[in-house]
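Peer 1: Show me the folded form of this:
(one chain, ligands or ions: 2)
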Amino acid sequence: MTTPRVALAGATGSIGTQTLDVCRAEAGRYDLVALGASGRNIEPLIDAAREFGVKVVAVADTAAVAALEAALPACDIRGGRDALASLATEADVVVNGVVGFAGLDVTLATLRAGRRLALANKESLIAAGPVVRQAWRTPGAELVPVDSEHCALHQCLRANDNPSRVSRLVLTASGGPFRTHSAAQLAEVGIDEALAHPTWSMGPKITVDSSTLMNKGLEVIEAHELFGPGAPGGPGVPLDAVEVVVHPQSVIHSMVEYTDGSTIAQLSMPDMRLPIGYALAWPDRSAVASGRIDWSQLARLDFEPPDTTRFPCLALAYDAARTGGTAPAWLSAANEVAVEAFLAGRISWARIADVVAEVLDAHDGASADSVGDVYNADAQARRIATEVVDRSVGAGSSGRAS
Ligand code: NAD
Ligand code: MG
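Peer 2: Ligands and ions are numbered 1, 2, ... in the order given. Model (predicted):
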């Protein structure tokens, strides 16, 4: 068997650095050939390129190219809008750990090149579901989810050969740092509190999304795109059969219920190196354990229903999924703008959901049949979201930087 060549987009982030750990843990199993990142923080990119002897380094920001060329004379350095997507043809597997809509080109280029996509960048799938599915049908293309819940579903779905016997997909949610906060307390939360996740250590955007339950809403849409009607090779589970349960310990990563009432769950301690290794090794498995459970320490597993009154983002995501077309792209774009504004101290935490709701109210019902449709939808939703944020700031609804 030849050594799979791996390209890593988003190499400097939380998913990216943990992918480097996975490659280190099984030295010689994977050939890391290419790295990509925004270009805003080049030191870790240079270190990783030297450590793994990669051939290609790509950055979105062309201003970083000269410094990279000076530091890595043996590397092919690429810069600009299409630089990260160009990595797709360099490898057998591309890990997409870019954050936000910016990851769309990597997702599409990888699938269109007929390669395996190890997908952490859920926003690309949510914004461009129908377009991603078309690309996914390219001969040779594979999509293996890295998001821990979808990796769990991918594993649990292997418990039966008859897809029509799947009755429910149950996504677990930690509930985030504000799970037990009252509405009055939620009105006062600050940036540092939103960035203090109880069970996972992740990049800032997804950490805030976890605090609002928007992350779980995005994951409901992600599950719908991966395993819903029309998804290549999937069980065709309808949206109404995708449920969310809050499970504060984050040990059960998700569950599949079959028609006979059996529920199959995947358990491990929260550690993203497990799903990253799974997506690289599949249909084999990593030889090195991540997140092994110590049963003498694991005292209990708790469950509670999600509260969409205190956390309206989850309900907004279901609404957008039901509307379909470009509504999920609008939801995700509005959320990116709102989270950025919150992290900049411009709006309060509670306003994030209001901004998304206001933007979705203005949705024009357009479909998402082409990449052009998706880019237009993203731009339009961002424009409206920015107006809503600016109005909020003008009206004095600022964030409380703690
Ligand atoms: P992060 O902020 O830690 O890292 C983001 C990476 O994307 C960085 O390498 C950055 O350089 C790169 N990037 C940002 N903007 C870019 C642009 N315009 N062009 C090219 N590259 C750009 O984010 P993260 O937490 O690693 O999350 C990455 C993705 O994985 C997100 O979609 C997130 O939802 C998903 N995810 C993350 C985790 C986790 O544990 N961190 C778990 C599940 C899913
Ligand atoms: Mg997840």
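Peer 1: how about the residue in the stretch 101-250 of the chain that ligand 1 sits nearest to, what does it touch?
Peer 2: For the stretch 101-250 of the chain and ligand 1, the shortest gap (Cβ to the nearest ligand atom) falls at Gly203, measuring 2.6 Å. In this view, the C-beta of every residue, glycine as well, is placed from N, C-alpha and C. Neighbouring residues of Gly203 by Cβ atoms under 8 Å, 6 or more residues apart in numbering: Gly13, Ser14, Ile15, Val99.
Peer 1: repeat that for 7 Å
Peer 2: Listed by Cβ atoms under 7 Å, 6 or more residues apart in numbering, the contact set of Gly203 reads Gly13, Ser14, Val99.
Peer 1: Give me the three-state assignment for the nearest residue to Val166 once chain neighbours are set aside.
Peer 2: With Cβ to Cβ, 6 or more residues apart in numbering as the criterion, Val166 has its nearest non-adjacent residue at 4.3 Å, and that residue is Pro235. Classification of Pro235 using DSSP: H, G, I helix; E, B strand; the rest coil returns coil.
Peer 1: Check the spacing between the residue of the stretch 1-150 of the chain found nearest ligand 1 and ligand 2 real quick.
Peer 2: Closest approach between the stretch 1-150 of the chain and ligand 1, counting by Cβ to the nearest ligand atom: Gly13, at 1.9 Å. Remark: distance between Gly13 and ligand 2 (Cβ to the ion, to the nearest Å) = 15 Å.
Peer 1: got the contact list for the spatially most central residue of the chain?
Peer 2: Per Cα atoms, centre = their mean, the C-alpha nearest to the average position across the chain is that of Lys122, at 3.3 Å. Residues in contact with Lys122 (Cβ under 7 Å, 6+ apart) are Asp147, Leu218, Glu219, Glu222.
Peer 1: quick check: longest helix of this protein.
Peer 2: Longest helix in the chain by number of residues, with DSSP state H as the criterion: helix 371-394.
Peer 1: What residues sit buried inside it?
Peer 2: For helix 371-394, burial by neighbour count (16 or more other Cβ atoms under 10 Å) applies to 371, 373-374, 376-378, 380-382, 384-386, 388-389, 392-393.
Peer 1: what does that helix contact?
Peer 2: So helix 371-394 is contacted by 101, 108, 127-128, 131, 326, 329-330, 333-334, 337-338, 341, 346-347, 351, 355, 358-359, 362, 366-368 (Cβ under 7 Å, 6+ apart).
Peer 1: Is that helix positioned near ligand 1?
Peer 2: No - using Cβ under 6 Å from any ligand atom, helix 371-394 stays clear of ligand 1, with a minimum separation of 12.7 Å.
Peer 1: pretty sure the residue of the stretch 1-150 of the chain closest to ligand 1 is touching Gly97, no?
Peer 2: Yes - with contact defined as Cβ atoms under 7 Å, Gly13 reaches Gly97; the gap is 5.5 Å.
Peer 1: who's more crowded, the two?
Peer 2: Each of Gly13 and Gly97 has its neighbours counted (other Cβ atoms under 10 Å); Gly97 has more, 29 against 24.
Peer 1: Leu186 versus Glu193, what's the distance?
Peer 2: Glu193 is 10 Å from Leu186, where distance means Cβ to Cβ, to the nearest Å.
Peer 1: quick check, Leu8 in a helix?
Peer 2: No - with three-state DSSP as the criterion, Leu8 is strand rather than part of a helix.
Peer 1: circling back: can you pull the alpha-carbon coordinates of the longest helix of the chain into PDB?
Peer 2: C-alpha atoms of helix 371-394 as PDB (Å, rounded to 0.1, in the frame of the first residue of the first chain):
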ATOM      1  CA  VAL A 371     -21.400  28.300  -6.900                       C
ATOM      2  CA  GLY A 372     -22.400  31.800  -8.200                       C
ATOM      3  CA  ASP A 373     -25.800  31.500  -6.300                       C
ATOM      4  CA  VAL A 374     -24.000  30.600  -3.100                       C
ATOM      5  CA  TYR A 375     -21.400  33.500  -3.400                       C
ATOM      6  CA  ASN A 376     -24.200  35.900  -4.100                       C
ATOM      7  CA  ALA A 377     -26.300  34.700  -1.200                       C
ATOM      8  CA  ASP A 378     -23.200  34.900   1.100                       C
ATOM      9  CA  ALA A 379     -22.500  38.500   0.000                       C
ATOM     10  CA  GLN A 380     -26.100  39.600   0.300                       C
ATOM     11  CA  ALA A 381     -26.600  38.100   3.800                       C
ATOM     12  CA  ARG A 382     -23.300  39.700   5.000                       C
ATOM     13  CA  ARG A 383     -24.400  43.100   3.700                       C
ATOM     14  CA  ILE A 384     -27.800  42.900   5.500                       C
ATOM     15  CA  ALA A 385     -26.200  41.500   8.700                       C
ATOM     16  CA  THR A 386     -23.600  44.300   8.700                       C
ATOM     17  CA  GLU A 387     -26.500  46.800   8.400                       C
ATOM     18  CA  VAL A 388     -28.300  45.200  11.300                       C
ATOM     19  CA  VAL A 389     -25.100  45.100  13.400                       C
ATOM     20  CA  ASP A 390     -24.400  48.800  12.600                       C
ATOM     21  CA  ARG A 391     -27.900  49.700  13.600                       C
ATOM     22  CA  SER A 392     -27.600  47.800  16.900                       C
ATOM     23  CA  VAL A 393     -24.300  49.600  17.700                       C
ATOM     24  CA  GLY A 394     -25.900  52.900  16.800                       C
END
